[in-house]
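> Structural data only, the sequence is not supplied:
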């Protein structure tokens, strides 16, 4: 599985959505599905999938499907 | 009692932290012992590892350095894929009346005694949550609970440790992560003896048991909270103070 496929699978399982939801609207403040609990679950799942440990600032910034891609690049995860 | 448990303990160069690390290694724990000064605990760690047939691994970082703390936790994750116990012991102390509090010193003390504790709990519980549970033990102080003349600034930081312990316990209970605090009274350490030299005999008379506590007695209480003897204990502040009156 490629990195982008893994990334997408994490989002789909965390938020219980399908491929059609993987866009800019999957973001904190734009969907009820994104709350503190799912935010932290997402971070945990992403860290497990890519074997990384995010800095606190990045955890707080990780507020959308799109922004997450930029954040992962900081940890040498190319999507 | 701690056979095979992977434990990170901060501030182990001397005093209570050293006693906790020593006691944990005697109980079979794998101890990641933190200190600030590179090399300062290498010899003790090697001796303790051999004597107790376990591993005591020095990890050198300043607890205020969030990145260094993260690197240490990542190393533990790489070595063991788990962290069972975090003991937040590293701390600063000060003694001054209200009007003589140096606010910059106080800010620094808050960084060490409170902010760093929260940061380490954040890091450690990211591992603990994945493994189905763990134990966090924060070293507070009796003055954080009762207050005392001459230690307003210090008591503010240790009071914060008590409240953050209780809040973290409520937040993490669903993940089976226990968070408790120890509140030592007057414990016979180099640091305290040096400060109390002149008023030592007066302060002893405030203690019901008539003596200062030993670092080992705080360590014993810490072993209880780290062990499977306390699996239903969380959000508690356990005094280890010999019935002192402040």
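Thanks, I have it. What you see is a predicted model, and the numbers here were worked out from it, not measured in a lab. Residues are numbered from 1 along each chain as shown, chains lettered A, B, ... in the order given.
> Mind listing what's buried along the longest helix belonging to chain A?
Of all the elements of type helix in chain A, the one with the most residues (DSSP state H) is helix A:36-50. Buried residues in helix A:36-50, defined by neighbour count with 16 or more other Cβ atoms under 10 Å in any protein chain shown: A:38-39, A:41-43, A:45-47, A:49-50. Using the backbone N, CA and C atoms, a C-beta is placed for each residue, glycine as well.
> any idea which helix or strand comes after it?
On the C-terminal side of helix A:36-50, the closest following helix or strand by DSSP states H and E is helix A:56-61.
> list the buried ones in that following helix?
By neighbour count, with 16+ other Cβ under 10 Å as the criterion, the buried positions of helix A:56-61 are A:58-59.
> Tell me which residue is most central in chain B.
Among the residues of chain B, the one closest to the centroid is residue B:89, at 2.2 Å (Cα atoms, centre = their mean).
> of the buried residues of helix A:36-50, list those near chain B.
Counting by Cβ under 8 Å from any Cβ of the partner chain, residue A:47 from those sit close to chain B.
> TSV for the buried residues of helix A:36-50, including distance to residue B:221 and pLDDT?
Conversion of these to TSV gives the following (distance: Cβ to Cβ, whole Å; pLDDT from 0 to 100):
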residue	distance to residue B:221	pLDDT
A:38	38	92
A:39	36	94
A:41	34	92
A:42	38	95
A:43	34	94
A:45	37	93
A:46	38	96
A:47	33	94
A:49	39	94
A:50	40	95
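> Can you tell me which of the buried residues of helix A:36-50 lies closest to residue B:133?
The closest of these to residue B:133 turns out to be residue A:41 (Cβ to Cβ; 16.9 Å).
> I'd say residue A:56 and residue B:120 touch.
No - taking contacts as Cβ atoms under 8 Å, residue A:56 lies outside contact range of residue B:120: 11.6 Å.
> Would you mind naming what in chain B lies close to chain A?
Where chain B comes near chain A, counting by Cβ under 8 Å from any Cβ, the residues are B:66-67, B:70, B:73-74, B:77, B:119, B:122-123, B:126, B:129-130.
> Now chain B against chain A: closest residue?
Per Cβ to the nearest Cβ, the residue of chain B with the smallest distance to chain A is residue B:74, at 5.2 Å.
> Please look at that residue and residue A:53 and confirm they touch.
Yes - here residue B:74 reaches residue A:53: they are 5.2 Å apart, a contact under Cβ under 8 Å.
> more neighbours, the two?
The residue with the greater number of neighbours, taking residue B:74 and residue A:53 and applying other Cβ atoms under 10 Å in any protein chain shown, is residue A:53; the counts read 18 against 15.
> Which elements pack onto the helix or strand hosting residue A:14?
Using DSSP H and E, residue A:14 maps to helix A:3-15. Contact partners of helix A:3-15 among helices and strands, from 3 or more Cβ pairs under 8 Å, 6 or more residues apart in numbering or on different chains; DSSP states H and E: helix A:36-50, helix A:65-73.
> Compute the distance from the centre of the shortest one to the centre of its chain.
Spelled out, it's helix A:65-73. Averaging C-alpha coordinates over helix A:65-73 and over its chain gives two centres that are 7 Å apart (Cα atoms, centre = their mean, to the nearest Å).
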